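**Student:** Fold the following, please.
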Amino acid sequence: MPTMHTEVHEAGEIAARTDRAFHRVLHRSLADEPLSERVDAVRAGDAEAAETAVHRPFDDIRSRLSRH
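**Tutor:** So this is what the prediction gives:
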């Protein structure tokens with residue numbers, strides 16, 4: 001977020017309201033991901049599949065952010 005970069009550059013830190021806004025957007029994007037894949041993997045005791053399912057949305061976010 002350009003605001004975050006500006007705040008760090010000018011004030012040396014990110015304002016709490018900017019941080020909250022960033023995390024709201026992050027959580028909103030995660031809410032779009034179906035939970036069933038993660039719940040199924042956990043219930044099945046498949047730690048590797050559960051870890052992969054948990055990381056997938058963050059990998060997508062990282063990919064989108066790296067393009068900017």
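**Student:** which secondary structure elements does the longest helix along the chain contact?
**Tutor:** What stands out as the longest helix in the chain, according to DSSP state H, is helix 47-66. Helices and strands touching helix 47-66, by 3 or more C-beta pairs under 8 Å, 6 or more residues apart in numbering; DSSP states H and E, are helix 16-31, helix 36-43. In short, each C-beta sits where N, CA and C put it, glycine included.
**Student:** Worst mean pLDDT among these?
**Tutor:** Of all the helices and strands packed on helix 47-66, helix 36-43 carries the lowest average pLDDT, namely a mean of 77.
**Student:** Any chance of the helices and strands packed on helix 47-66 in TSV with distance to residue 49 as columns?
**Tutor:** Shown next, in TSV, are these (distance: least, C-beta to C-beta, whole Å):
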stretch	distance to residue 49
helix 16-31	18
helix 36-43	4
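**Student:** Ok, which of these comes nearest residue 60?
**Tutor:** Minimum separation from residue 60 across those (C-beta to C-beta) falls at helix 16-31, 7.9 Å.
**Student:** What residues of the closest one count as buried?
**Tutor:** Residues of helix 16-31 classed as buried: residue 18 (neighbour count, 16 or more other C-beta atoms under 10 Å).
**Student:** Equivalent analysis for stretch 39-46, please.
**Tutor:** residue 41.
**Student:** any idea how far it is from the chain center?
**Tutor:** Offset of stretch 39-46 from its chain centre (C-alpha atoms, centre = their mean, to the nearest Å): 22 Å.
**Student:** Right, I'll call it a day here.
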